[in-house]
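# Got a predicted structure plus its sequence, pasted below:
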Amino acid sequence: SANTSSGQSTPFKISRNTEYTIIAFSWNNTTVPVITGSASSNPTIATSATNQELLYNKFDIQTNNNLSFHIPIVFKRQRASFQVEVDTKGLFAPIQTIGSSTVPTGYAQYGSLNLVTGIFNGFSNSNAGTTMSLTFNPAPSVATPLYSVVANQYFTMNTTVINNFSVNLGAIRLLLDNGTTRDYSGMTYIFSNPITLERGKIKRVRIQLVATAKTLTNTTPRIRWAKTNLYYSPNATEAQGGKYRMRNHNSNIYSTATSESVISNEYWNWNALLPGADVAKTNTGDPCAQVYPAGTWRLPTRAEFEDAFTPKSSIFYAGSTDPARYMYRDGLSGGIYDSEGTDRRVAFINYGYRTSTTSNLPSGISNYSADGLGYGIYWSSTSVDANNGYVMQIIHGGASSQTINNGSSYNTVINSLSKNGGASVRCVRTASSL
């Protein structure tokens, strides 16, 4: 046998015209392991509990009549490994801080390697405690918030299937689109699909957090409504969740109807892949389907709007707590509470609509009013005819209005709008889409 280091050529004597079985291993350590057992049939080394790779190979060679013979060694990775990733691109907000996070200690194990058979046995946990800490590198910070963080790689020699892989994720603080932050408490995530660890491969477990969606009625299939409107962010990258995004606040704090730059990215033609006043954008595709993760969300149908706003006794009119008034409905019970009130609530703000087909100036926005007299217009995916599409319309005053709960003169109706007009978009997904 011979000991050597990477990059070094180590000579040793062999016979010419002879067949040899070569066994080579490396574990990135200057300490030479003790080989136990029979040298011919059962040579074994005890591997290290240190979280590191182990390389090994066994192969046959036939020497020739030359005075020197070069033996190429191609190592194969022997340990399986896994990583944990936390992805907040679907929340459209990067991580500023993430608390202490762990996985069960039994997921990483070491043991003895039979150098002849290449089989591991005698497994023990690599960590003495009940959990192993996850170290995210690079770590997010206030100065450098990240949309995706990946924990350190854990190596294991035991390649059995892990059922119900669990991650205890620490509390997360997100940086929102208006510069404020929002905190999410830590929780345990359990993956129901079995994870099969394989030698030489990294299995990455991804915790993919996406925007909240709420079920408003018992209608089957269950439809979950996004809590905020769709908007387009032309400078956002794929690493940041892409250009199709949902607002972090369901509140008119973004100058939605009063700023040309915002209007051009928040009012959509019917079934348009890009927002803004341009008839060429009409009927080019479902913008909701572009939201990360792609294919999760879609535009609601006319029937789904009708279902969400029936009966009228379930619809409420907001007071003067927001720069623009809104209608809302509370979803099915069982929600939690966050910094913006009941998490079950889905509100539709009265942003009016864009009448101009050529301009995104505020003068082209109709029926927006900060005093509560405006309309809310939301596209459905359902077409009326070649020129018009169905919208859900929140109306203040007028002959069609009804008194809704607190005595306010408002109504929600299904109406039609020119497909080249600009309206708000609220996305939906089915309960099984994630």
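Arrived safely.

# where in the chain is pLDDT low?
Per-residue confidence for the chain (pLDDT under 70) gives these ranges: 317-325, 332-343, 369-373, 396-410, 431-434.

# Can you tell me the centre-most residue of it?
residue 208 (3.0 Å; Cα atoms, centre = their mean).

# For that one, which non-adjacent residue is spatially closest?
residue 87 (4.7 Å; Cβ to Cβ, 6 or more residues apart in numbering). All C-beta spots, glycine's among them, are computed from the backbone N, C-alpha and C.

# Buried residues in stretch 137-144, which are they?
Within stretch 137-144, the residues that count as buried by 16 or more other Cβ atoms under 10 Å are residue 140.

# From start to finish, how long is that stretch in a straight line?
Its first and final residues considered, stretch 137-144 spans 12 Å by Cα to Cα, to the nearest Å.

# same check, this time on stretch 156-170
End-to-end distance for stretch 156-170, by Cα to Cα: 24 Å.

# And for stretch 262-271?
From its first residue to its last, stretch 262-271 covers 19 Å (Cα to Cα).

# The residue nearest to residue 208 touches residue 210, doesn't it?
No: assessed by Cβ atoms under 8 Å, residue 87 is found out of contact with residue 210, at 9.1 Å.

# which strands and helices sit next to the strand or helix carrying the residue nearest to residue 208?
Per DSSP states H and E, residue 87 falls inside strand 80-90. When contacts are defined as 3 or more Cβ pairs under 8 Å, 6 or more residues apart in numbering; DSSP states H and E, strand 80-90 packs onto strand 95-98, strand 148-150, strand 154-156, strand 172-175, strand 202-210.

# can I get the CA coordinates of it in PDB?
Backbone C-alpha positions of strand 80-90 (Å, rounded to 0.1, in the frame of the first residue of the first chain) are rendered in PDB as follows:
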ATOM      1  CA  ALA A  80     -24.700  10.900  -0.300                       C
ATOM      2  CA  SER A  81     -25.500  14.500   0.700                       C
ATOM      3  CA  PHE A  82     -28.400  16.800   1.100                       C
ATOM      4  CA  GLN A  83     -29.000  20.600   1.300                       C
ATOM      5  CA  VAL A  84     -32.000  22.700   2.400                       C
ATOM      6  CA  GLU A  85     -33.000  25.800   0.400                       C
ATOM      7  CA  VAL A  86     -35.500  28.500   1.500                       C
ATOM      8  CA  ASP A  87     -37.000  30.300  -1.500                       C
ATOM      9  CA  THR A  88     -39.100  33.400  -1.000                       C
ATOM     10  CA  LYS A  89     -39.400  34.500  -4.700                       C
ATOM     11  CA  GLY A  90     -43.100  33.500  -4.600                       C
END
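
# okay, now the nearest residue to residue 79 once chain neighbours are set aside: neighbour count?
Computed as Cβ to Cβ, 6+ apart, the closest residue to residue 79 that is not its neighbour in sequence is residue 155, at 4.2 Å. Around residue 155 there are 23 other residues, counting by other Cβ atoms under 10 Å.

# All set now, cheers.
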